[in-house]
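Visitor: Model the structure of this input:
(chains A and B)
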2 protein chains.
Amino acid sequence: MEHDGFVVRPVGRVESSLTDRADAPRQGDEGAPQAWLVFDERVAPALADLRPGDRVLLLTWLHRADRDVLAVHPRGDRARPRTGVFSTRAPDRPNPIGLHGAEILAVEGLRVRVSGLEAIHGTPILDLKPVLGEADAR
Amino acid sequence: MEHDGFVVRPVGRVESSLTDRADAPRQGDEGAPQAWLVFDERVAPALADLRPGDRVLLLTWLHRADRDVLAVHPRGDRARPRTGVFSTRAPDRPNPIGLHGAEILAVEGLRVRVSGLEAIHGTPILDLKPVLGEADAR
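Guide: Residues are numbered from 1 along each chain as shown, chains lettered A, B, ... in the order given. Below is the predicted model:
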């Protein structure tokens, strides 16, 4: 286990009008469309307290990524110097976990509607976390 | 692959004075100590551009977590109602990926010193991402 790693199991999928990585905005606040997060029945209790208006952090598995890439030209701009991926948000990286800020717009059973999301259709969902408020309100 | 999940492989480990989950603060801004992120040689190019003062998001694997838990009393307080884990930052969740905000204090080869980190000693590191600035500065 120590040497082989750990297994993440998707808890749902993104349903989006974005179907091609080349068409996707680079970040959710750069014109990304609304999308549905469609969760598996087995995790229903985990989403029972999600409400419209909640600010969340969505963790996904960027299943099209190249895990052998360690440095990139930021935002694909070859005029910018190659930069270590830990200093960029490039999807290509050793563990291609996507981190997306979004707001919940609606909850319909296992389906959660969110604001601007740059993840493409079919992207596996790993986790959803609340954005933390101030320490005294947790 | 679709049904079995995806394998994450640690790229390093946390070195911290925190050795017991029971002693760890619940969030990094609640009195957590400085810590070292110690990366594997194979990912050295990925961290080549990290600099003191950088604000980062550290993704870890919470290896002590119970992955079958779907609802918890927030912050372990039994006076608070049971809440779906996607509305909490509880470590127990289907994919126990930790998300920690921190500031880089020093970089010494494969060792990166960071501010307040609530992860315990030995926690596997999965990824490091920059905190995004405004859209026009990316």
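
Visitor: The longest strand anywhere in chain A vs chain B: in contact?
Guide: Secondary structure of chain A per DSSP state E: the longest strand is strand A:97-108. Yes. Shown here: strand A:97-108 in contact with chain B (Cβ under 8 Å from any Cβ of the partner chain) through A:I97, A:L99. C-beta coordinates here come from the backbone N, C-alpha and C atoms, glycine included.

Visitor: Name every strand pairing with the helix or strand following that strand and say which way it goes.
Guide: Later in the chain than strand A:97-108, the nearest helix or strand by DSSP states H and E is strand A:111-114. The strands that strand A:111-114 pairs with in its sheet are strand A:35-39 (antiparallel), strand A:97-108 (antiparallel) (by DSSP bridges).

Visitor: Can you say which of those strands is packed in most?
Guide: Of all the strands paired with strand A:111-114, strand A:35-39 has the most neighbours on average by mean count of other Cβ atoms under 10 Å in any protein chain shown, namely a mean of 22.

Visitor: Quick check: next helix or strand after that one?
Guide: strand A:55-61.

Visitor: quick one: average pLDDT of that next one?
Guide: Average pLDDT, strand A:55-61: 96.

Visitor: counting contacts, what elements does it pack onto?
Guide: strand A:97-108, strand A:124-130, strand B:97-108 (3 or more Cβ pairs under 8 Å, 6 or more residues apart in numbering or on different chains; DSSP states H and E).

Visitor: can you put these in CSV and add distance to A:L58?
Guide: Below are these laid out as CSV (distance: least, Cβ to Cβ, whole Å):
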stretch, distance to A:L58
strand A:97-108, 4
strand A:124-130, 6
strand B:97-108, 11
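
Visitor: To B:P33, which of the ones you listed lies closest?
Guide: strand B:97-108 (11.4 Å; Cβ to Cβ).

Visitor: Any regions of chain A where pLDDT drops low?
Guide: A:1-3, A:28, A:133-138 (pLDDT under 70).

Visitor: 90 instead, please
Guide: Where chain A drops to pLDDT under 90, the residues are A:1-4, A:19-32, A:63-64, A:74-78, A:80, A:116, A:118, A:132-138.

Visitor: No further questions, thank you.
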